[in-house]
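Peer 1: give me the fold of what follows.
(one chain, ligands or ions: 1)
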Amino acid sequence: MRSVVVDKYRDKVNDECGVFGIFNNDDLDIVSLTHDGLFGLQHRGQESAGITVINEGEPYTVKDLGIVSTVFNEKNLSKLPSGKISVGHVRYTSHEYLDRAATQPLVMRYMEGSLALASNGAITNFAEIRQKLEIGGAIFQSNSHAEVVGYMISTHVIDSDNIEQAVLKTMNDLKGAYSIVISSPNKLIGVRDPHGFKPLCLGKINNSYVLSSESCAIDSIGGEFVRDIQPGEMVVIDDEGFRSYYCDKKKTTSLCLFEYIYVARPDSIIDGVNVNLARRKAGEILFKENPVDADIVCGVPDSGLDAAQGYASASGIKYATAFIKNKYIGRTPDGVGADKKQRLLKTRLNVIKNIVDGKRVVIIDDSIIHGNTSAHIVKVLKDAGAKEVHVRISSPEFIHSCYFGMDLPKSEDLISNRYNVEELRKLINADSLKFLSVDGLHSIAEGCNIGLCDGCFTGVYHADKPKIIFEDKFANKIKKY
Ligand code: SF4
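Peer 2: Below you'll find the predicted structure:
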């Protein structure tokens, strides 16, 4: 068994990482820009953050467990030289422990220098590759997928003319979902898996190139979005300029639809679709599919807010702010008991009583995983005097798990897998409960220039699930930080 615990009190999906990189063709303060870029990607991972700068071929790294504002400070950033290339990473992990050895960028020595890797995703043949490498004598410091990718690249370097050939060969070996930013001593490389599960885009700031999980981070450093990296594409940036290659694998493209609903920041544009507009559209379609008479429409912060505005504008029902989210409560720490977890849930969202008192309320949220958050929301709204509470969810029911880098519980632990909509309505004590249809979900991403994945809603995946689940025999021996 993989060392993952299902936190039944964590009622949100967690994504897994944001990646960033700059190739400095100007005289940019590459350290500050990478730091600011990671701030722009903080929503994609809050468990560790890191920056590696390559100066005259040598890597310099600052990384640690924590969010961007706690990992970096003036003192440690001043130790990074303003170099030619940077790679940055923010991480969320599905593991029950926080393994310092797996913080990224991972820096590895190979025969031609150092590689720094920052990755987002899940390699579905990770267990097979790692087992093969271990039988061949490889030693790993962590159970990170990025470490295996780095090892494969360094192995392929032996029979390749250059690093980009080695990366392309590695892409042909990998299965699953990945967007990775890599630096060699003199190149910045970005790769996106042939399905395109995870976003990755290219930007420019002056004459310098930027790679980022999302366009919002390019905007936040004053850069200009150029284009998305295409599924199966590898881009290479060095002193010769910018080059693009494709790996041999051609696959059905399959961008994660949940990026538009929940994961990405609303000010990002992914594969031709503006995330804010997609969320508003989800609210509009949700109203058309599931209208209701009510006095106010409210969203559950943060990702329910845009959809609530869409629902309000399509219905003509007044939009109102009913909840204040305490942004300073992070992920529930390991080892915390059920009572404390329930208390944390209560303090995370607080209702504004005078807004909802005596009203028929439509409340919009992005998803239901275990149902405890929805039940809590309905209860506090009713306790605050709401006459009726109508729950509308801006995605379809989560019925199946995800194998492609989104930390969803196992199918059997998803509440919509165990109860139909009416049973679930009763469980959360709502006056009505409706979900966006799968067709509606696809409509929000109209104009997306690649195919879409809806596997966790339909059970139809465009890539193979992992055949073997990696078992880390030493996981419980790693110190919990
Ligand atoms: S299965 Fe669901 S969460 Fe996973 S990539 Fe597909 S749409 Fe995203």
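
Peer 1: so how far is the helix or strand S416 falls within off the chain centroid?
Peer 2: Element membership for S416, per DSSP states H and E: helix 415-418. Helix 415-418 has its C-alpha centroid displaced from the chain centroid by 23 Å (Cα atoms, centre = their mean, to the nearest Å).

Peer 1: now for it, which elements pack on it?
Peer 2: helix 421-428 (3 or more Cβ pairs under 8 Å, 6 or more residues apart in numbering; DSSP states H and E). Yep, even glycine has a C-beta here, placed from its N, CA and C like the rest.

Peer 1: so G222 makes contact with K204?
Peer 2: No: between G222 and K204 there is no contact under Cβ atoms under 8 Å: 10.7 Å.

Peer 1: okay, these two: which has more neighbours?
Peer 2: Shown here are G222 and K204; by other Cβ atoms under 10 Å, K204 has more neighbours (15 against 10).

Peer 1: check which helix or strand covers L286.
Peer 2: helix 275-289.

Peer 1: can stretch 354-372 be found next to the ligand?
Peer 2: No: applying Cβ under 6 Å from any ligand atom, one finds stretch 354-372 separated from the ligand by no less than 9.8 Å.

Peer 1: with stretch 401-416 instead?
Peer 2: Yes: shown here: stretch 401-416 in contact with the ligand (Cβ under 6 Å from any ligand atom) through C402, F404, M406.

Peer 1: how far away is the last one from I221?
Peer 2: In this structure, M406 and I221 are 27 Å apart, going by Cβ to Cβ, to the nearest Å.

Peer 1: who has more neighbours out of those two?
Peer 2: Each of M406 and I221 has its neighbours counted (other Cβ under 10 Å); M406 has more, 25 against 21.

Peer 1: pretty sure that one is touching C256, no?
Peer 2: Yes: shown here, M406 and C256 form a contact pair, counting by Cβ under 8 Å, at 6.5 Å.

Peer 1: spit out the residues that contact these two alike.
Peer 2: Here M406 and C256 share the contacting residues V263, scored by Cβ atoms under 8 Å, 6 or more residues apart in numbering.

Peer 1: for the helix holding L286, name the packing helices and strands.
Peer 2: helix 305-315, strand 388-393, helix 438-444.

Peer 1: tell me how far that helix lies from the chain's centre.
Peer 2: That offset, for helix 275-289, works out to 21 Å (Cα atoms, centre = their mean).

Peer 1: point out where the stretch 301-450 of the chain drops to low pLDDT.
Peer 2: By pLDDT under 70, the low-scoring segments of the stretch 301-450 of the chain are 328-346.

Peer 1: tell me which residue in it sits closest to the ligand.
Peer 2: The ligand sits closest to C402 of the stretch 301-450 of the chain, with a gap of 3.1 Å, by Cβ to the nearest ligand atom.

Peer 1: buried sites along stretch 111-131?
Peer 2: 114-130 (16 or more other Cβ atoms under 10 Å).
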